[in-house]
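> Please work out how this folds:
(2 chains, ligands or ions: 2)
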Amino acid sequence: MWSLENITKSVDSWLNLQFSPTIAFLIEAVIIMVLVIGLFAFLGLVLVFMERKVSSFMQIRLGPNRVGPMGIFQTAADTLKLIVKEGFTPNNVDKFLFNLAPFIVMVVAMVVLAPFAFSKGFQIWDVNVGIFFITAVSSLGVIGILTAGWSSNNKYSLLGAMRSGAQIVSYELSAGLTILVIVMLTGSLRISDIINAQADGWWIFKGHIPAIIAFVIYIIAATAETNRAPFDMAEAESELTAGFHTEYSGMKFALFFLAEYANVFIVCAIGATLFLGGWMPLHFGENNWFNSIMDYIPGIVWFFGKTFFLIFVIMWFRWTFPRLRIDQLLNLEWKYLLPISLFNLLLATVIAIAGWHF
Amino acid sequence: MFVTQYIKDVFGAIKSLGIGMRRTLWYFVRPKEIITQQYPDNKDTLVLAERFRGEVVMPHDENNEHACTGCTACELACPNGSIKIVTKFDITPEGKRKKAIDQFVYRLDMCTMCNMCVVACPSDAIIMANDFEHSVYDRTKLTKILNKPGSKVRDGIE
Ligand code: SF4
Ligand code: SF4
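Ligands and ions are numbered 1, 2, ... in the order given. Presented below is the predicted three-dimensional model:
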């Protein structure tokens, strides 16, 4: 059967036949780089368009509808505009850090992609601490935000960056604890193990109560970690103009913008992998007719379908809920989400040890 | 009790967030509800609400007669002086001098569409029109004389 695994395998063996292993490895690295950059460009275009359409439909508006049918080329036109715009650097900024910050944010978003399994066997690096790697690296993104806020020589940027730091440090906790629930149930940090453990049902069904609580908390924490409304304290258009990227323009602004959407994709992909089975089709039990029908849909479709479903949910949050104040935001984390997820972790441990999950 | 209050808070929050999300989803799946008017394209079929206030006009009937007596009540009612009534004296058939309107000067550029003048008018001589395409290249064009040339007050209106 046609599958991405076979394609990557045959490309790999062909390259190793033609060239020495080092050269083949380098060529593969270049191919992966091109694919990742292509994926990010695609995500930037699609997610921005999706966000604008979702928001407009939820607010009884039409949204972009002039460039191309239904406005589908609007984001391409916007990107073109950003490329030709002047990349302005204000006076008295810390030039080196100012120019470095967007790249930190972007590179972190790209590195996080490494352990993701997009389909069966279609994975850049199946490292044995995959999910740990993801949580560790994705929290480095805040360094880019802090750098941007600090170097901009602008009090609004600095305030936004500081808020972002407080917010991400807090919400990393509950995000980590909810991820731990699934790691506990699976007994492995390796992404492929986590997905294979869901071959007879996704964790959100198999793990019942603790998995569902963890899923809800994870989605809330993920929204907060990507600095999106209702947790958009770092940008806070109404108070801080645009927070940490107030002083950026042109392509550097576009990188921040792209990184925001890439991060949305990444947190949703983590959520889809842990709770909804990643590329694993919808299975119940083992080897029955239902599972074999579901197997006809390729894994990459399942992966992107689930991820985009979660992205939609996060957009739905953004266009429904009012913003939180910074103190309410920290209250929510420290008084509600953290105790609940600690308790939930305890519950999950008991269930995992006693084997009370399906 | 603290713990019950805490649990109540959590579930109450989830419930109220759910209500909000149901509302936005309801609109999301019903594109027919969209109220956006694609303005320059639908210029011919554009329907504006009756209550929309675009500018003050003075309706004239087919004999070029209006209902304004020149009482200046609207001028006094206007909070920002957008109306100036210039009066004249007509000679009635009995030889009496009667106050009448010469020019109703209306400055659209200063008007806030507050409707006070319409409410103040004792003879309902002025109304608010629906028109909203007021942009001009010259500011003086926004100062209008509302009574048409040669018009006079309708008989029987005091
Ligand atoms: S609508 Fe208000 S502002 Fe305009 S002319 Fe009448 S009273 Fe004056
Ligand atoms: S428009 Fe009405 S209120 Fe104004 S002067 Fe004429 S009759 Fe009087």
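> contacting residues for residue A:59?
A:319, B:27 (CB atoms under 8 Å, 6 or more residues apart in numbering or on different chains). (C-beta placed from N, C-alpha, C; glycine too.)
> Quick check on it: phi, psi?
Torsion angles at residue A:59 (phi, psi; degrees, to the nearest 10) stand at phi -100, psi 20.
> so which helix or strand takes in the nearest residue to residue A:104 once chain neighbours are set aside?
Once flanking residues are discounted, residue A:104 sits nearest to residue A:144: 3.4 Å by CB to CB, 6 or more residues apart in numbering or on different chains. Element membership for residue A:144, per DSSP states H and E: helix A:141-151.
> re the thing from before, tell me the spacing between the residue nearest to residue A:104 and residue A:161.
10 Å (CB to CB, to the nearest Å).
> now residue A:345
For residue A:345, the distance to residue A:161 - CB to CB - is 31 Å.
> More neighbours: which of those two?
Each of residue A:345 and residue A:161 has its neighbours counted (other CB atoms under 10 Å in any protein chain shown); residue A:161 has more, 26 against 19.
> Setting the sequence-adjacent residues aside, check what's closest to that one.
residue A:149 (2.3 Å).
> In this structure that neighbour contacts residue A:243, no?
Yes - counting by CB atoms under 8 Å, residue A:149 touches residue A:243, with 7.4 Å between them.
> Report the set of residues contacting both of the two.
A:157, A:159, A:160, A:161, A:164.
> quick one, phi/psi of the one residue sitting closest to the centre of chain B?
The centre of chain B sits closest to residue B:53, judged by CA atoms, centre = their mean, with a distance of 2.3 Å. According to degrees, to the nearest 10, the main-chain angles of residue B:53 amount to phi -110, psi 110.
> tell me the contacts of it?
Contacts of residue B:53 by CB under 8 Å, 6+ apart are B:113, B:115, B:128.
> My read is that the first one contacts residue B:131, right?
Looking back up the chat, that one is residue B:113. No - here residue B:113 lies out of contact with residue B:131, judged by CB under 8 Å, at a distance of 11.5 Å.
> Pull the longest strand along chain B out as PDB, backbone CA atoms only.
Criterion DSSP state E: the longest strand present in chain B is strand B:97-107. Extracted in PDB, the C-alpha atoms of strand B:97-107 (Å, rounded to 0.1, in the frame of the first residue of the first chain):
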ATOM      1  CA  ARG B  97     -46.800  92.000   8.200                       C
ATOM      2  CA  LYS B  98     -46.300  88.300   8.900                       C
ATOM      3  CA  LYS B  99     -43.100  86.700   9.900                       C
ATOM      4  CA  ALA B 100     -42.000  84.000   7.400                       C
ATOM      5  CA  ILE B 101     -38.900  82.000   6.600                       C
ATOM      6  CA  ASP B 102     -36.400  83.400   4.100                       C
ATOM      7  CA  GLN B 103     -33.600  80.900   4.400                       C
ATOM      8  CA  PHE B 104     -33.200  77.700   6.500                       C
ATOM      9  CA  VAL B 105     -29.400  77.500   6.700                       C
ATOM     10  CA  TYR B 106     -28.300  74.000   7.700                       C
ATOM     11  CA  ARG B 107     -24.600  73.200   8.300                       C
END
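> ok, then the element right after it?
helix B:116-120.
> Let me see the residues that make contact with the helix or strand that comes right after that following helix.
Next helix or strand after helix B:116-120 toward the C-terminus (DSSP H and E): strand B:127-129. Residues from elsewhere that reach strand B:127-129, judged by CB under 8 Å, 6+ apart: B:53, B:54, B:55, B:56, B:57, B:58, B:59, B:113, B:115, B:118.
> sorry, back to before: any buried residues in the helix holding residue A:144, and which?
Within helix A:141-151, the residues that qualify as buried are A:141, A:142, A:144, A:145, A:146, A:147, A:148, A:149, A:150, A:151, counting by 16 or more other CB atoms under 10 Å in any protein chain shown.
> which bits of chain B sit near chain A?
B:9-10, B:17, B:20-21, B:23-25, B:27-28, B:31, B:33-36, B:38 (CB under 8 Å from any CB of the partner chain).
> What sits closest to residue A:251 if chain neighbours are left out?
residue A:87 (5.6 Å).
> What is the burial count for the one you found?
14.
> who are the neighbours in contact with it?
Taking CB under 8 Å, 6+ apart as the test, what residue A:87 contacts is A:249, A:250, A:251, A:252.
> make it 10 Å
A:99, A:248, A:249, A:250, A:251, A:252, A:253, A:254 (CB atoms under 10 Å, 6 or more residues apart in numbering or on different chains).
> Residue A:338: helix or strand, and which one exactly?
helix A:338-354.
> Which strands or helices does that helix pack on?
The contact analysis (3 or more CB pairs under 10 Å, 6 or more residues apart in numbering or on different chains; DSSP states H and E) places helix A:338-354 against helix A:155-186, helix A:208-225, helix B:2-28.
> Just send the ones you listed back as CSV, with distance to residue A:323 too.
Formatted as CSV, the helices and strands packed on helix A:338-354 follow (distance: least, CB to CB, whole Å):
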stretch, distance to residue A:323
helix A:155-186, 12
helix A:208-225, 12
helix B:2-28, 13
